[in-house]
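# Take a look and give me a structure for this.
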Amino acid sequence: MLLEINDLVVEVNGKRILNGVDLYIGKGETHVLLGPNGAGKSTLFLTILGFPEYKVVRGEILFKGKDITNLNTTERAKMGIGVAFQNPPAIRGVRLIDLLKIESGCSLDEKLDPKIYRFATKLKFNKDFLSRDVNLGFSGGEMKRSEILQLLAQNPEFIMLDEPDSGVDIENVEILAEMINKLLEKDKKPSKRKKAGLIITHLGYILNFVKAEIAHVLLDGKIVCSGCPDEILEDIRKEGFEGCKKCYET
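Residues are numbered from 1 along each chain as shown. From the prediction side, this is the model:
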């Protein structure tokens with residue numbers, strides 16, 4: 001198992017947000033996390049990353065068999081956890097090309113790996129664009145593509161994607177999906193894949209382009225349903241998330 005979350009209870013500013021979450025993601029698996037606003041999706045996401053304001057009251061997070069519950073965000077990233085944020089901040093004075101060098105593990109005075117330039121080209125970025133400050137003046141689509149390019153440079157084992165299809169037009173979704181599939185090794189046979197992913201999405205549109213094996217519904221701080229993504233999405237479309245809640249309570 002690549003990621004194991006056992007009985008996770010989390011508080012933010014003294015308020016309990018997650019209330020006993022269990023989640024298990026193996027190598028080669030892509031999971032999708034669904035739920036309405038306020039369900040706790042972002043809290044789970046940021047707790048896995050180790051943001052200090054998200055206090056783990058009970059439970060544990062294991063990554064590659066090691067307890068990372070008390071590790072900081074940098075230590076988790078070094079172990080192989082990567083993330084694409086829904087609304088990443090602009091970083092004035094830091095060029096995208098320099099951030100890509102850092103993500104790929106080389107020094108600023110070294111040349112960027114040619115394969116990163118190839119990934120940039122696939123994501124519709126030219127060399128001049130890479131010299132711009134990170135996310136400063138970027139369009140929504142450019143920010144999304146920049147986040148994926150950074151993940152490609154980092155090459156993590158576990159990839160978390162927060163609303164990758166939010167506010168993105170069809171052309172950009174298709175471009176993003178192609179590279180997300182590259183990150184998740186979808187071009188390899190399932191038995192040969194070593195990476196895993198967790199996608200947070202409201203509408204599930206990205207799943208038309210990126211296949212997920214398992215979907216989870218998070219409501220009121222607990223995972224109330226897990227199963228086939230197509231079936232769960234169809235039930236949500238018919239009955240809304242309230243249908244999932246009624247099913248869980250019966």
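# which residue packs closest to residue 25, ignoring adjacent ones?
If you skip the residues right next to it in sequence, residue 25 has residue 3 as its closest partner in space, 4.4 Å away by Cβ to Cβ, 6 or more residues apart in numbering. Just so you know, the C-beta spots here come from the backbone N, C-alpha and C atoms, and that holds for glycine as well.
# which helices and strands does the longest helix along the chain pack with?
Longest among the helix segments of the chain by residue count, using DSSP state H, is helix 229-249. For helix 229-249, the elements it packs on are strand 30-34, strand 214-219, strand 222-227, judged by 3 or more Cβ pairs under 8 Å, 6 or more residues apart in numbering; DSSP states H and E.
# which stretch among these comes nearest residue 45?
strand 30-34 (8.0 Å; Cβ to Cβ).
# could you pull out the helices for the protein?
Listed from the start of the chain, the chain has helices (DSSP H) covering 41-49, 73-79, 96-103, 114-122, 127-130, 140-154, 170-183, 229-249.
# between the ones you listed, which one is nearest to residue 88?
Between residue 88 and the helices of the chain, the shortest gap by Cβ to Cβ is with helix 140-154, which sits at 5.8 Å.
# got the buried residues for that closest one?
By neighbour count on 16 or more other Cβ atoms under 10 Å, the buried set for helix 140-154 is 141-154.
# Which pLDDT value belongs to residue 248?
As summarised for this prediction, residue 248 has a pLDDT of 58.
# Run through the residues that contact residue 35.
Listed by Cβ atoms under 8 Å, 6 or more residues apart in numbering, the contact set of residue 35 reads 41, 217-219, 241.
# coming back round to it: out of the helices of the chain, nearest to residue 210?
Set against residue 210 and scored by Cβ to Cβ, the helices of the chain come closest in helix 170-183, at 5.2 Å.
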